[in-house]
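**Q** From the sequence below, what's the structure:
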Amino acid sequence: MDVFSTDTPIIGMVHLPPLPGAPGFEGDRSDLHERVRRDAAALEAGGVDSIMLENFGDAPFYPDRVPRHVVADVTALAATLGDEISIPFGVNILRNDVQSALGIAAATGGAFVRVNVHTGARLTDQGVIEGMAHETLRLREQLDADVDVLADIDVKHSAPLAERRLAEVVSELVERGGADGVVVSGSGTGEAVDTTVLERVVEARDARGLDAPVLIGSGVTPDTAPELLSIADGAIVGTALKQGAEATNPVDEAAVERLVESASQ
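**A** Numbering: from 1, shown residues only. Here you go, the predicted model:
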């Protein structure tokens, strides 16, 4: 992927608090924009290569399309993020609204989106979620958007509906689903990835000769980064970069620096 300026990018998370209309929303929109500015500044100063904006605080999540007011708020916050930083950024709209994420990224200069279920189907706490790769790729063409799609495989907080060979799933995700990158995560937010699974995904990618980076989607810490990044091509990191290693807390610039330094070893 040409969007990143390094072969092993570290993508830092801006986890949004609950947005207007979601349970737990407090304060006002100006507070949300200030939070984005602070977190983004700390991430870039700490040395990450890119940033991902996500409506993390909006639980319980809509299984697919979110309401229009959520799209409007995240678009405004993505514009604030883009004004704050000089590195690429992406968007993830939970639980699986990649069409909105793609539109937001296209409108605000975002370089990529993450989609939890791109092909196939998964059992989640929102019910059964089905991939919509056929819609996502066609929408990208319609928007003429230069936005990459990072797609999860066996995404966290979910279970498969049937057991399938991992190599087939990887192949379908990239070759038939058109994903630009593959994300491998642990079982939940901040949970470590299974290195055996990570290795098998990389092996399946290489065996098929697929041009798609494999990124770690959860659980990377300064202690585990060197080993994991000797296998994967990059990582999306949230929890380890926050104050007190709590995903809902603000970004800790010193924690970002520690992670980035460890990842470069």
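
**Q** just how off-centre is the least confident helix or strand in the chain by mean pLDDT within its chain?
**A** Ranked by mean pLDDT, DSSP states H and E, the weakest helix or strand in the chain is strand 158-160, scoring a mean of 89. From the chain centre to the centre of strand 158-160 is a distance of 18 Å (C-alpha atoms, centre = their mean, to the nearest Å).

**Q** ok, and for it, which residues are buried?
**A** For strand 158-160, burial by neighbour count (16 or more other C-beta atoms under 10 Å) applies to Ser158. Heads up, the C-betas are built off the backbone N, CA and C, glycines and all.

**Q** ok, it: who's next to it in the sheet?
**A** Its sheet considered, strand 158-160 pairs with strand 121-124 (antiparallel) by DSSP bridges.

**Q** Can you show me the helices along the stretch 151-265 of the chain?
**A** For the stretch 151-265 of the chain, the helices defined by DSSP state H, counting those that start in this stretch occupy 166-171, 195-208, 225-228, 253-263.

**Q** closest to Ala41 out of these?
**A** Ala41 lies closest to helix 253-263 among the helices of the stretch 151-265 of the chain, at 8.3 Å (C-beta to C-beta).

**Q** Now do that closest one: everything it contacts.
**A** Applying C-beta atoms under 8 Å, 6 or more residues apart in numbering, the contact partners of helix 253-263 are 8, 10, 12, 42-43, 45-48, 220-223, 225-226, 229, 235, 237, 240-243, 245.

**Q** 6 Å instead?
**A** Contacts with helix 253-263, where a contact means C-beta atoms under 6 Å, 6 or more residues apart in numbering, come from 10, 42-43, 45-47, 222, 225, 229, 240-241.

**Q** Please report which of these has the highest neighbour count.
**A** Leu241 (32 neighbours; other C-beta atoms under 10 Å).

**Q** related to what we said a few turns ago, nearest to Arg122, of the contacts of helix 253-263?
**A** Here the nearest of the contacts of helix 253-263 to Arg122, counting by C-beta to C-beta, is Ala240; it sits at 25.1 Å.
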